[in-house]
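> model this:
(chains A and B)
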Amino acid sequence: MRTMHCGAVTTADVGRRITLCGWVAKRREHGEHLAFIDLRDHTGIMQCVVEGTVDVRSEYVLQIEGTVAPRPEGTVNPQIATGAVELQDCVVSVLNAAEPPPFAVDDRADVDEPARLRHRYVDLRRPKMQRNLRLRAAVNSAIRRSMDTQGFCEVETPLLWAPTPEGSREFAVPSRLHQGKFYALPQSPQLAKQLLMVAGFDRYYQIARCLRDEDLRADRQFEFTQLDLECAFATEQEIRASVTEAVLDAAEAATGIRPDSVQTMTWKEAIDQYGTDKPDLRFEMRLIDLSEVFAGTEVKAFAAPCVKALRVEGGATMSRSQLDNLVDRAKSLGAKGLAWFKVTSNDGALGLESPLDRFLSDAERSQFLTTTGAAAGDLIVVVADEYRLTCSVLGTLRVDLGGKPVSEGPYRYVWIIDFPLYDGVDSDGRPEAAHHAFTMPHPEDLDRLETDPLSVRAQSYDLVLNGWELGSGSIRIHRADIQNRVFAAMGIDAEEAEERFGFLLGAFKYGAPPHGGFAFGIDRLVAIFAGENNIREVIAFPKTQSGADLLTGAPLELPAKQMTELGIRTVPKPV
RNA sequence: GGACCUGUGGUGCAGCUCGGAGUGCACGCCGCCCUGUCAAGGCGGAGGUCGCGGGUUCAAAUCCCGUCAGGUCCGCCA
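Alright, predicted model coming up:
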């Protein structure tokens, strides 16, 4: 139907008779003798000149045959790529009429998101959304190429899978043939890919859809896409190298620039210095440890196992209400409170302005100023609490105070390694797996599994970009003796293990190779490359925060007949 | 489950504190005019359940209560 795309026409095509297809982006009529139609497809806009009147409206679907000609002197438009040429002697065919769109198909329009989602097919016609989804396609393509080149084999795994009690909440799918029973949609292909390792696919990958029935966020949707991979006979370093390669290939395809390095940091370093296991390394402002300064202090607010601070350069200009908000934010994050100190200067001598200042001893004040490296005009905020809580509160405040949107460059990738095997204890006092129950403990820490489980490091690792966790992975346990010890530490006995993971443990009896893997979120990666702070902008048909699809109206009730067939009956919501 | 923000013609906003006729702006839409525009221009016009329900009041877009929807965050996300 067409011989070229709108955005591809250049002065080299002058004189050619071409046919374009697209939508009316704009029309400009100048009476009965002249009209311009800007025809748009995903590649760009082409100005078509009509001698006479036209009977088209915005977003009409047209086929236009015409002759490429240079624009007359003085009418070149440098703002569009095809601005040096135009289409003349046009024959316009209306392929379809269109009602006026609910909002402008235009990047300039800042449209209400619900309206965009209700008319997503119009929204996706906007150049920005075209770019985002095509960028996503380019990233997928680069990742596939990278994995293929590295010798990985793509294997598809089931979407209808067995419910497993581990991990995040699953979506359940009722079975028609087995009434009263359910499949689960996979949170990830985790167990399937481990079975593939036993099966001898020593380098597996999949661009896999994962589904988790957890509350949505700017960086979380019910369904999301991961590059899922698993390797047998590979060390942690080798696996991370493969992932790094895939990510750098994707980055190069998306941005044109191949990052030259991905740094590595231990989990302990990340928590200590950045207060989070997903540090944003685009800015400094590390946590400053004041525990020594306030050891044995008389200041009640600072009598805690861990006292840490953030120095906010120039933060002393914050108003009382801004500071109150900061304190509220700290409390909402679980802190008992937040102490703040404005650093003042009096004839060159630094001082502090704070409700707490009068409680500090002279030695404390002096050490406080030295340790924080404070300068006049700074704001120091201090949290005193248990170690993990202090770090996490300040880690969040650090991003609140010094951070910038995730999508703003530069791109700072970092591997976080040596995670703890267990992340605290559950309500029964049993250690809980930080990653999952099949994560291999660090060999150096194996002998502490029974005596001091919370100190055991895992062979697990996360990849972080600009403060967003892209993904995580681990070396898996492939030996029954170690698996049993890890289960035992978590209070899972042989019977329970068999009940919960029987099919995996069974498979491992038939020659399980050492293996490990990784999975990272493509939605997040593409959002960052696209300059978006929200993954909905790189998903064709996303859901709202309450999990609704405004286009289709899902979720919806099923017809009674279908409910009967599935053996499902709903009950009123308990009050 | 919780906190905060938002909801006003098709779109984006202002009006809300301090109640007084659906009051205004920009874009879009419809009609007419216009031979080189390109976010075209000129003239005219249409278009409203101020999210919904209740309350206070002589009078509510505006104040109060509730509720729904959307967003950001906390919880949650092995």
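
> tell me the helix or strand right after the longest helix anywhere in chain A.
Taking DSSP state H as the criterion, chain A has its longest helix at helix A:127-149. Later in the chain than helix A:127-149, the nearest helix or strand by DSSP states H and E is strand A:153-154.

> what mean pLDDT does that next one get?
Strand A:153-154 carries an average pLDDT of 98.

> again with stretch A:42-58
94.

> show the end-to-end separation of it, please.
For stretch A:42-58, the first and last residues are 16 Å from each other (C-alpha to C-alpha, to the nearest Å).

> ok, now stretch A:423-438?
14 Å.

> which parts of it are buried?
A:Pro431, A:Ala433, A:Ala434, A:His435, A:His436, A:Ala437, A:Phe438 (16 or more other C-beta atoms under 10 Å). C-betas here are computed from N, CA, C, even on glycine.

> try stretch A:115-129
Result for stretch A:115-129 [16+ other C-beta under 10 Å]: buried residues A:Arg116, A:Leu117, A:Arg118, A:His119, A:Arg120, A:Val122, A:Asp123, A:Leu124, A:Arg125, A:Arg126, A:Pro127, A:Met129.

> now do stretch A:396-406
A:Thr396, A:Leu397, A:Arg398, A:Val399, A:Leu401, A:Gly402, A:Gly403, A:Val406.

> what secondary structure does the last one sit in?
Counting by DSSP: H, G, I helix; E, B strand; the rest coil, the backbone at A:Val406 sits in coil.

> can you check the first one too?
The assignment at A:Thr396 comes out as helix when based on three-state DSSP.

> now A:Thr439. Nearest residue, chain neighbours left out?
A:Ser474 (4.3 Å; C-beta to C-beta, 6 or more residues apart in numbering).

> for the stretch 151-300 of chain A, what lies in contact range of RNA strand B?
A:166-169, A:187-188, A:190, A:212, A:214-220 (C-beta under 7 Å from any atom of the strand).

> pull the most distant pair out of those residues.
Maximum pairwise distance among those (C-beta to C-beta): 26.1 Å, between A:Glu166 and A:Ala218.

> around RNA strand B, pick out the residues from the stretch 351-500 of chain A.
Residues of the stretch 351-500 of chain A lying near RNA strand B by C-beta under 7 Å from any atom of the strand: A:Thr396, A:Asp423, A:Glu432, A:Ala433, A:Ala434, A:His435, A:His436, A:Ala437.

> kindly recompute the last result at 10 Å.
Contact residues, the stretch 351-500 of chain A versus RNA strand B (C-beta under 10 Å from any atom of the strand): A:389, A:392-393, A:396, A:399-400, A:406, A:419, A:422-424, A:426, A:432-439, A:460, A:469, A:472, A:474.

> thinking again about what came up before, need the buried residues of stretch A:115-129 in a markdown table (columns: distance to A:Ala497).
Putting the buried residues of stretch A:115-129 into a markdown table (distance: C-beta to C-beta, whole Å) gives the following:
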| residue | distance to A:Ala497 |
| --- | --- |
| A:Arg116 | 48 |
| A:Leu117 | 44 |
| A:Arg118 | 48 |
| A:His119 | 51 |
| A:Arg120 | 45 |
| A:Val122 | 53 |
| A:Asp123 | 49 |
| A:Leu124 | 47 |
| A:Arg125 | 53 |
| A:Arg126 | 52 |
| A:Pro127 | 54 |
| A:Met129 | 47 |
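
> please flag which of those sit within helices.
Among the buried residues of stretch A:115-129, the residues falling in helices (DSSP H) are A:Arg116, A:Leu117, A:Arg118, A:Arg120, A:Val122, A:Asp123, A:Pro127, A:Met129.

> now, which of the buried residues of stretch A:396-406 sits nearest A:Ser261?
Of all those, A:Val406 has the smallest distance to A:Ser261: 19.7 Å, by C-beta to C-beta.

> what about that closest one, distance to A:His515?
According to C-beta to C-beta, to the nearest Å, A:Val406 stands 32 Å off from A:His515.

> give me the subset of the ones in helices among the buried residues of stretch A:115-129 touching RNA strand B.
Filtering these for proximity to RNA strand B (criterion: C-beta under 10 Å from any atom of the strand) leaves A:Arg116, A:Leu117, A:Arg118.

> quick one on the thing from earlier: among the buried residues of stretch A:115-129, which one lies nearest to A:Ala254?
Relative to A:Ala254, the closest of these is A:Met129; by C-beta to C-beta it sits at 16.0 Å.

> A:Asp123 is in contact with that closest one, correct?
Yes - between A:Met129 and A:Asp123 there is a contact under C-beta atoms under 8 Å: 5.9 Å.

> now A:Glu99, what's its secondary structure?
Secondary structure state of A:Glu99, per three-state DSSP, is coil.

> can you pull the contacts of the closest residue to it other than its chain neighbours?
Spatial nearest neighbour of A:Glu99, chain neighbours left out: A:Glu59 (8.0 Å); criterion: C-beta to C-beta, 6+ apart. Under the criterion of C-beta atoms under 8 Å, 6 or more residues apart in numbering, the neighbours of A:Glu59 are A:Trp23, A:Val24, A:Ala98, A:Glu99, A:Pro100, A:Pro101, A:Val105, A:Val122.

> the same query, at a cut-off of 10 Å, please.
Residues near A:Glu59 by C-beta atoms under 10 Å, 6 or more residues apart in numbering: A:23-25, A:40, A:96-101, A:104-105, A:122, A:125.
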